[in-house]
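>>> From the sequence below, what's the structure:
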Amino acid sequence: MPDFTLAARSPLAGAAALAESWPGFAVSEVTDLALASLATRRGRETEVRNRAKARFDLEPPPPGRTASGDGMTFLWTGHEQWFVEAQESALGGLEALLRETFEDSAAVTDQSDAWANLRLEGPATRAVLEKLCPLDLHPGAFPPGATARTTMEHLSAIITLRDDRWRFSILTPRSSAGSFLHHLHQAADSACGAT
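Numbering: from 1, shown residues only. The predicted structure follows:
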């Protein structure tokens with residue numbers, strides 16, 4: 001019987017994480033974060049909030065917002081639902097930690113390998129995103145800490161503005177990540193000039 005060796009591959013660049021830049025804009029693939037979904041069970045909303053506050057000293061954020069603390073970030077994804085990001089190595093297993101914390105008050109599933117995680121930054125980032133995203137990304141409408149589920153070029157995405165230094169992150173399903181990157185390249189070439 002042959003001896004097989006499996007190797008982890010990032011969603012976009014294979015063995016190495018993607019990193020590309022244009023004048024005023026850069027995109028890189030984030031490969032060192034664990035991702036899990038957290039969905040509150042009906043009637044357990046208060047319990048979930050209390051458990052999050054007790055364990056992580058934060059409450060899951062309201063619609064359209066993020067909350068960070070204790071090495072993790074909660075991103076709102078729907079009614080009483082969030083994605084939770086954290087450094088996997090720092091926590092010793094995000095999914096296990098969330099299951100232990102919330103027990104049967106919430107459903108937890110590992111999402112780490114199901115999504116491509118992109119970091120977009122630079123002063124031209126909004127100009128690039130305006131070519132792809134139907135959302136109003138002006139700072140007055142989409143301030144730091146804002147997050148939203150949307151479509152970009154007919155592909156599903158979750159977009160988050162991380163801070164006031166033009167740093168966005170985008171989560172897009174792994175299965176369509178290559179197509180998403182192609183559209184992002186086209187938008188960056190148009191907004192910033194072809195590389």
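>>> So which residue is dead centre in the protein?
L171 (4.2 Å; CA atoms, centre = their mean).
>>> Strand partners (parallel or antiparallel) of the helix or strand containing that one?
In this assignment (DSSP states H and E), L171 forms part of strand 168-173. Sheet pairing for strand 168-173, assigned by DSSP bridges, gives strand 115-121 (antiparallel), strand 155-161 (antiparallel).
>>> Show me the domain layout of this protein.
19-31+114-192, 33-110 (automatic domain parsing).
>>> What is the burial count for the closest residue to M72 other than its chain neighbours?
Once flanking residues are discounted, M72 sits nearest to A86: 3.9 Å by CB to CB, 6 or more residues apart in numbering. Placement of C-beta: from N, CA and C, glycine included. Per other CB atoms under 10 Å, the neighbour tally for A86 reads 22.
>>> now the particular helix or strand that has A86 in it against strand 168-173, angle please.
Element membership for A86 (DSSP H and E) is strand 81-87. Relative orientation of strand 81-87 versus strand 168-173 (axes from the mean of the first three to the mean of the last three CA atoms, to 10 degrees): 110 degrees.
>>> Tell me which helix or strand D3 sits in.
Using DSSP H and E, no helix or strand contains D3.
>>> can you pull the pLDDT of the residue nearest to F56 when sequence neighbours are not counted?
The shortest distance from F56 to any non-neighbouring residue, by CB to CB, 6+ apart, is to D70 (4.3 Å). The model reports D70 with a pLDDT of 78.
>>> residues contacting D70?
Applying CB atoms under 8 Å, 6 or more residues apart in numbering to D70 gives the contacts R55, F56, D57, L58.
>>> Okay then, goodbye and thanks.
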